[in-house]
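Enquirer: Sequence and predicted structure, then a few things I'm wondering about:
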Amino acid sequence: MLRITISERVRRNGAVPARPRGLSSIAGRLTVTFVACAMAALGAMASSAADTGFGEPLSDATAVSLSELSANPNAYVGQTVKVVGLVEDVCPMKGCWVDILDRQSSATIRLKVQDDVIVFPAEAKGQEIVAEGTLRRLDLSPRQAVAWLRHAAEERGETFVEPADPAPLTVYQIEGRGAVVSGLAAGSSRSD
């Protein structure tokens, strides 16, 4: 005995085609269109996140590792240095400094730029940076050290507790001339 289902009978009689014609080709075209649009969007996002320059163009000088710089800072004081690392923090008040972190050694150094001349955006945090400038040594008296630490606490929104017996403080930082930050969205350059 031959069993024929209702759908097979309908197909045999020609009332309804077995598969709607063109549906699979339309679905295929829609899939191709969707994939093409997704790829174009990803390409646009990738092209909008690029290297962004701040301040003066960088020289061709070889970078000094942050571990070397932190181990022997006095050897570089007054010299132009180029460093590479991650932006660990950005000045939340004016964008006038970034702390640069060496991933291998965890050494850090601050790149300080002239207020309102170069402004680093908060989005730079976590991005790769190549920075150049003159290494400076700041020898702060106990009173200056307290003022420095108070200001740093204010920038971070922390409460500052003044030490009972303040001590002098030596700070090394790079007086920045220029930097390139990778991975920022287009239009993030805010240097004059």
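Expert: Great, that's in hand.
Enquirer: C-alpha only now, for contacts and for neighbours.
Expert: Noted.
Enquirer: buried ones in the longest strand along the chain?
Expert: Counting residues, the longest strand in the chain under DSSP state E turns out to be strand 169-185. Residues of strand 169-185 classed as buried by neighbour count (16 or more other Cα atoms under 10 Å): 169, 172-185.
Enquirer: wait, what's in contact with the residue nearest the centre of the chain?
Expert: The residue lying closest to the centre of the chain (Cα atoms, centre = their mean) is residue 127, at 2.4 Å. With contact set as Cα atoms under 8 Å, 6 or more residues apart in numbering, residue 127 has these partners: 86-87, 181-184.
Enquirer: Then residue 115?
Expert: Here residue 115 is in contact with 94-96 (Cα under 8 Å, 6+ apart).
Enquirer: Closest one of the residues you listed to residue 78?
Expert: residue 96 (20.3 Å; Cα to Cα).
Enquirer: where's the closest one relative to residue 106, distance?
Expert: In this view, residue 96 and residue 106 are 22 Å apart by Cα to Cα, to the nearest Å.
Enquirer: Dump stretch 105-122 to PDB, restricted to CA.
Expert: Output in PDB follows, covering the C-alpha atoms of stretch 105-122 (Å, rounded to 0.1, in the frame of the first residue of the first chain):
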ATOM      1  CA  SER A 105      58.500  45.800  34.600                       C
ATOM      2  CA  SER A 106      55.400  47.700  36.000                       C
ATOM      3  CA  ALA A 107      57.600  50.800  36.000                       C
ATOM      4  CA  THR A 108      55.700  54.100  35.500                       C
ATOM      5  CA  ILE A 109      56.600  57.600  34.600                       C
ATOM      6  CA  ARG A 110      54.500  60.700  34.200                       C
ATOM      7  CA  LEU A 111      54.500  62.700  31.000                       C
ATOM      8  CA  LYS A 112      53.500  66.300  31.900                       C
ATOM      9  CA  VAL A 113      52.600  68.700  29.100                       C
ATOM     10  CA  GLN A 114      51.900  72.400  29.200                       C
ATOM     11  CA  ASP A 115      48.300  73.100  30.400                       C
ATOM     12  CA  ASP A 116      45.900  73.800  27.500                       C
ATOM     13  CA  VAL A 117      48.500  73.300  24.900                       C
ATOM     14  CA  ILE A 118      48.300  69.500  24.700                       C
ATOM     15  CA  VAL A 119      45.200  67.900  26.100                       C
ATOM     16  CA  PHE A 120      45.000  64.100  26.500                       C
ATOM     17  CA  PRO A 121      41.500  62.700  26.400                       C
ATOM     18  CA  ALA A 122      40.300  60.300  29.100                       C
END
